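Asks: Turn this into a model:
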Amino acid sequence: MGFAKLRQELKRGTGQSMAVAWGVDGGVLQACHDALSQGFLQEVVVTGPTEQIQAIAQETGLPLTGFTLLEASTPAEGAALAVRQIREGRCTLLMKGHLNTSVILRAVLHKEQGIRAQALLSHIAIVELPGPRLALLTDAGMNIKPDLTQKSQILDNAIQFAWSIGLTNPKVAALASIETVNPQMTDTVEAAALCLMAKRGQFSKPAVVDGPLAFDNAYSKEAAAQKGIDSPVAGQADIFFVPEITTGNVLYKAFSYVGNLSTAGLIFGASCPIVLTSRADSAESKLNAIAVACQALSGS
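Replies: Presented below is the predicted three-dimensional model:
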């Protein structure tokens with residue numbers, strides 16, 4: 001299943017409502033409008049300077065039917081107000097608008113007024129591979145150099161999320177630069193440890209984890225066969241698990257810019273999925289992220 005089929009199924013109506021933090025961005029408003037028009041959102045609450053938001057909508061020819069605007073004078077105030085909509089139950093999804101990721105995360109992680117649900121939040125990229133089929137990549141945007149404890153939580157987040165969007169019993173490729181365990185290469189040792197943890201049932205839901213695997217073997221069954229690797233994950237990975245953020249970020253952007261694949265980005269581990277987009281993301285990418293977040297809530 002690709003993004004198009006996912007959006008089509010969501011047209012039946014998910015009943016989700018979304019809070020957008022500091023929504024002074026035409027691309028974000030367009031994606032929200034499209035999600036409302038296609039029926040998988042029923043309401044969008046946007047925080048920020050209301051006159052500016054109305055002006056942006058008017059310039060781009062967007063009707064604000066289905067939108068509620070809440071006045072905020074600074075990005076930090078807008079982020080806190082958007083998070084408050086989640087905490088108080090008015091909205092079920094949160095989306096980053098035109099503000100720095102650190103600003104919205106401070107509001108999300110606030111000890112008294114935040115919405116943290118897991119011990120550790122992580123970034124999950126969703127990529128539409130040829131087929132089409134959806135696969136996950138984590139962590140490409142949040143945790144810089146996780147240790148084994150943090151890696152196990154990041155992977156657990158991804159496994160939970162995979163199940164919520166219909167990727168049951170997901171196949172996970174724990175990536176490294178080689179396919180054998182080398183004690184001098186920590187990434188290979190920790191990839192093997194994650195495999196054993198999965199076999200021992202140490203994650204929230206079942207998953208098939210194999211690693212260490214180099215990317216070519218995880219992505220291509222033929223490449224694995226040429227190297228004599230017999231793996232249930234090779235060529236079938238639902239989750240590409242990277243050892244640190246640089247690898248994940250480069251791979252995510254290579255998928256998008258070199259491979260020209262459709263992508264979406266979310267933060268998982270709060271009380272709801274957080275739609276995380278950048279100004280460089282296309283309108284389709286923003287819409288895809290909203291759609292996947294709606295599916296995650298519907299399927300969880």
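
Asks: and L175, how far is that from D238?
Replies: Applying Cβ to Cβ, to the nearest Å, the value for L175 to D238 is 13 Å. Any C-beta I mention is one placed from the backbone N, CA and C, and that applies to glycine too.

Asks: right, I mislabeled it, should have said A79
Replies: 32 Å.

Asks: L120 touches Q153, doesn't it?
Replies: Yes. If you go by Cβ atoms under 8 Å, L120 and Q153 touch, sitting 4.3 Å apart.

Asks: A79 and D238: which is more packed in?
Replies: Ranked by neighbour count (other Cβ atoms under 10 Å), A79 and D238 place A79 first, with 28 against 23.

Asks: Name the nearest residue to the more buried one, sequence neighbours excluded.
Replies: A107 (3.9 Å; Cβ to Cβ, 6 or more residues apart in numbering).

Asks: what about the one you found, which SS state?
Replies: Secondary structure, DSSP: H, G, I helix; E, B strand; the rest coil: A107 is helix.

Asks: List the residues that contact it.
Replies: 21, 76, 79-80, 82-83, 113-114 (Cβ atoms under 8 Å, 6 or more residues apart in numbering).

Asks: Show me those residues that map onto helices.
Replies: 76, 79-80, 82-83 (DSSP state H).

Asks: from those, which is closest to F3?
Replies: A82 (24.8 Å; Cβ to Cβ).

Asks: How many neighbouring residues does the nearest residue to that closest one once chain neighbours are set aside have?
Replies: What sits nearest to A82 in space, not counting adjacent residues and going by Cβ to Cβ, 6+ apart, is A21, at 3.7 Å. Residues contacting A21 under the criterion other Cβ under 10 Å number 31.

Asks: confidence score at A21?
Replies: Note for A21: predicted pLDDT of 98.

Asks: Tell me what it is bridged to.
Replies: K96 (DSSP bridges).

Asks: Surely it touches T101?
Replies: No. At 10.4 Å, A21 does not count as touching T101 under the criterion of Cβ under 8 Å.

Asks: centroid residue for the chain?
Replies: In the chain, the centroid-proximal residue (Cα atoms, centre = their mean) is L266; its distance is 2.5 Å.

Asks: In a strand, it, correct?
Replies: Yes. Applying three-state DSSP, one finds L266 inside a strand.

Asks: What ranges does the protein have for its helices?
Replies: With DSSP H as the criterion, the chain has helices at 3-10, 26-37, 50-60, 75-87, 101-108, 148-164, 186-199, 215-219, 221-226, 245-253, 283-299.

Asks: Now render those as CSV, adding mean pLDDT and distance to C272.
Replies: As requested, those are exported to CSV (pLDDT from 0 to 100; distance: least, Cβ to Cβ, whole Å):
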stretch, mean pLDDT, distance to C272
helix 3-10, 87, 16
helix 26-37, 94, 15
helix 50-60, 96, 22
helix 75-87, 98, 6
helix 101-108, 95, 10
helix 148-164, 97, 11
helix 186-199, 97, 26
helix 215-219, 95, 30
helix 221-226, 92, 36
helix 245-253, 95, 22
helix 283-299, 90, 7
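
Asks: who wins for proximity to R133 among those helices?
Replies: Comparing the helices of the chain by Cβ to Cβ, helix 3-10 comes nearest, at 10.1 Å.

Asks: can you give me the angle the closest one makes with helix 26-37?
Replies: Angle of helix 3-10 versus helix 26-37, following axes from the mean of the first three to the mean of the last three Cα atoms, to 10 degrees, is 50 degrees.

Asks: So which bits of helix 3-10 are buried?
Replies: Within helix 3-10, the residues that count as buried by 16 or more other Cβ atoms under 10 Å are 3, 6-7, 10.

Asks: burial measure for the residue lying closest to A174 once chain neighbours are set aside, as a count.
Replies: Once flanking residues are discounted, A174 sits nearest to G211: 2.7 Å by Cβ to Cβ, 6+ apart. Counted by other Cβ under 10 Å, the residues lying close to G211 total 27.

Asks: what do you get for the one 10 residues further on?
Replies: Around K221 there are 15 other residues, counting by other Cβ under 10 Å.
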